[in-house]
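1. What would the 3D arrangement of this be:
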Amino acid sequence: MNPKSVAIGKFKVLWVDQRDRKLRHHSQLTSFYSIHIVRDFAEVYPAILRTGVHLIVICLTTPKKKTIQLCREIKSCSDHKHIPIILMDDGPIDEETECVALLNGADLVITSSVSFLLFKAKLDSLLSNRCRIHDYYLHALQIDAQPLSVPLFMKRLTAAIDSNVTDMELTVEGLAKLMNVSRATLYRKLDALTGLTPSTLIKRAKLKRAALMLSQGDYTVKQISTIIGYSVSGNFSRDFKSHYGVRPSAYMKNSRRIPVDEMC
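-> Modelled structure (predicted):
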């Protein structure tokens, strides 16, 4: 995903402003992003869970320590710390405030007096970096190993899928139960972290396990299809080709020349 060419409303921005100052950049942003407004700090967490926002803009209040405390609390939560936070004020920002804010989780501290062009460029940069993190999760997500930087929720989720990847009955509802969350919460959290649906993640995990087994050459394509939970081998071949670009049999033949990680 490229923020420079993203469709209107693709990214969701949570705009937090207790004073209802209607800073000038807000109205202009609505032409590029889906803006969700809250007027009370108490509404922030419910709004994050309800909307699955990709970025948060918090307008500094007086005393400013309350805003910074909110920023720190959001970044301290394992389920939300991946969300970029911009702190904005309608006046000059002193160096001490900026330093304290950055040390407490803010990704950017900015005054509303900057041009919209510059403000949007900074916002796009944060979203672009977030997309790179998404891509990293999608490509680095392993069945047998996890990077230390992956959020705890993703580690638990991947472990749950890993333990049940050969289960033909593994469904979104079953995965939500394993994670001890509702189906809606599972969709919302996974979308915020990876942009994927639970069913897509389950399928990718199964196909990646299949790719590993094909490269090892210990089982036939039909046996692998059954092992990873496909009742119809034709459906397995179709999904595998759709994801990897080749049929399982061709992948098996070429596995010695094409490492698994290069095709995942």
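2. Which phi and psi values does residue 111 adopt?
-> Dihedral angles of residue 111 (phi, psi; degrees, to the nearest 10) stand at phi -100, psi 150.
3. That one and residue 88 touch, don't they?
-> Yes - counting by CB atoms under 8 Å, residue 111 does reach residue 88; the two are 7.1 Å apart. For glycine as for every other residue, the C-beta is placed from the backbone atoms N, C-alpha and C.
4. the more surrounded of those two?
-> residue 88 (24 against 14; other CB atoms under 10 Å).
5. Could you check the pLDDT of the more buried one?
-> Residue 88 is assigned 88 on the pLDDT scale.
6. give me every residue that touches it.
-> 23, 25, 57-60, 109-112 (CB atoms under 8 Å, 6 or more residues apart in numbering).
7. buried residues in stretch 49-66?
-> In terms of neighbour count (16 or more other CB atoms under 10 Å), stretch 49-66 has its buried residues at 49, 51-61, 64.
8. Just flag the most distant two among these.
-> 52 and 64 (27.8 Å; CB to CB).
9. Which ones among the buried residues of stretch 49-66 lie within helices?
-> Among these, the members found in helices (DSSP state H) are 49, 51, 64.
10. can I get those residues in TSV with distance to residue 119?
-> Shown next, in TSV, are these (distance: CB to CB, whole Å):
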residue	distance to residue 119
49	27
51	21
64	20
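11. any idea which of the residues you listed is closest to residue 70?
-> Taking CB to CB as the measure, residue 70 sits nearest to residue 64 out of these, at 10.7 Å.
12. Contacts made by stretch 95-104 with the rest, please.
-> Contacts for stretch 95-104 (CB under 8 Å, 6+ apart): 60, 64, 68-69, 71-72, 75, 87, 109.
13. Please apply the same query to stretch 161-169.
-> Stretch 161-169 is touched from outside by 143-144, 170, 174-175, 178, 201-202, 205-206, 209, 227-231, with contacts defined as CB under 8 Å, 6+ apart.
14. Buried ones among those?
-> In these, burial by neighbour count holds for 143, 170, 175, 178, 201-202, 205-206, 209, 227-230, counting by 16+ other CB under 10 Å.
15. Lowest pLDDT pick from these?
-> residue 143 (41).
16. Could you pull out the strands in the stretch 101-250 of the chain for me?
-> 108-111 (DSSP state E, counting those that start in this stretch).
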